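In: Generate a structure from the sequence data that follows.
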Amino acid sequence: MRLVTSIIFAFAMLLAACEVPEEAISGEKPLPRLYSIPAGDKATIQYRMLDSINALRLASSVDKLSLNSRLNAAAATHARDMSLQNRPWHFGSDGSSPLDRVARVGYDGEFLGETISETFETELETLSAWMSQEDTKNVILDPRAEHIGFSWYQERNGKIWWTLVTGKSVGFTLLTDEELSALLEEPEDG
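Out: Model prediction:
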């Protein structure tokens, strides 16, 4: 009898050590974990987003985008402003539109589109959400787009306000430093 009681007790202890996650019982998603963005990760996050968007564009046979510092500034300004207004929308607290914001930062190209989000999710989870909606997906995959600005503002409670802006050059092509140097080189006398 003592052996049977010991076996039952050991088996009960073994079962008690097994914990079933709450979401397995309820069928709900687990609560999200706080995604805290360190100040020094700005470039890493911007380039991670750029690389991810360019991979999606490549899969859709669309040319790659490049980061544009002026569009980044417009995106950062709007992300902060949405936080101050406590609502995700495309107009600034001063009534400015996305067109106004890209002009204010001196972007000399044509504004094409803007996507925004208020979330506690990472940039890649946000990109996934944008790609699941036709209107924001069209902004990201717009074949006319050449430049992207991407930034965010994170509140102390962890909420993140994401802003992505796209644009294109107007009437001229931007040259890389190497292309410009090659054009400026004097031809060698033979």
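In: can you map out the strands along this structure?
Out: Secondary structure of the chain (DSSP state E): strands at 66-67, 110-119, 147-154, 160-168.
In: of those strands, which approaches residue 139 most closely?
Out: Of all these, strand 110-119 sits nearest to residue 139, with 3.5 Å by CB to CB. From N, CA and C alone the C-beta is placed, and that goes for glycine too.
In: ok and the closest one relative to strand 147-154, angle-wise?
Out: Taking axes from the mean of the first three to the mean of the last three CA atoms, to 10 degrees, one finds strand 110-119 and strand 147-154 inclined to each other by 30 degrees.
In: Mind giving me the packing neighbours of strand 110-119?
Out: helix 69-85, helix 98-104, helix 123-131, helix 134-140, strand 160-168 (3 or more CB pairs under 8 Å, 6 or more residues apart in numbering; DSSP states H and E).
In: Buried deepest among those, which one?
Out: For the helices and strands packed on strand 110-119, average neighbour numbers computed from mean count of other CB atoms under 10 Å are highest in strand 160-168, which has a mean of 25.
In: Return the angle between stretch directions for that strand and strand 147-154.
Out: Per the same axes, to 10 degrees, the angle that strand 160-168 makes with strand 147-154 is 170 degrees.
In: What pairs with strand 160-168, parallel or antiparallel?
Out: Each strand paired with strand 160-168, and its direction, by DSSP bridges: strand 110-119 (antiparallel), strand 147-154 (antiparallel).
In: What residues does the residue nearest the centre of the chain make contact with?
Out: Nearest to the mean C-alpha position of the chain, counting by CA atoms, centre = their mean, stands residue 123 at 3.8 Å. Counting by CB atoms under 8 Å, 6 or more residues apart in numbering, residue 123 touches 45, 48, 49, 150, 152, 162.
In: By neighbour count, sort out the buried ones in these.
Out: When the contacts of residue 123 are checked for burial by 16 or more other CB atoms under 10 Å, the buried set is 45, 48, 49, 150, 152, 162.
In: which one is the first one nearest to, not counting chain neighbours?
Out: Just to be clear, that refers to residue 45. Closest residue to residue 45 apart from its sequence neighbours, by CB to CB, 6 or more residues apart in numbering: residue 123 at 5.6 Å.
In: okay, the buried ones among the contacts of residue 123 in CSV with distance to residue 116 and pLDDT next?
Out: Formatted as CSV, those follow (distance: CB to CB, whole Å; pLDDT from 0 to 100):
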residue, distance to residue 116, pLDDT
45, 16, 92
48, 19, 95
49, 14, 95
150, 11, 97
152, 10, 94
162, 7, 94
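In: Export those residues as CSV, with columns for distance to residue 144.
Out: As requested, the buried ones among the contacts of residue 123 are arranged in CSV below (distance: CB to CB, whole Å):
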residue, distance to residue 144
45, 25
48, 24
49, 19
150, 18
152, 25
162, 22
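In: how far away is residue 161 from residue 143?
Out: To residue 143, residue 161 is 28 Å away according to CB to CB, to the nearest Å.
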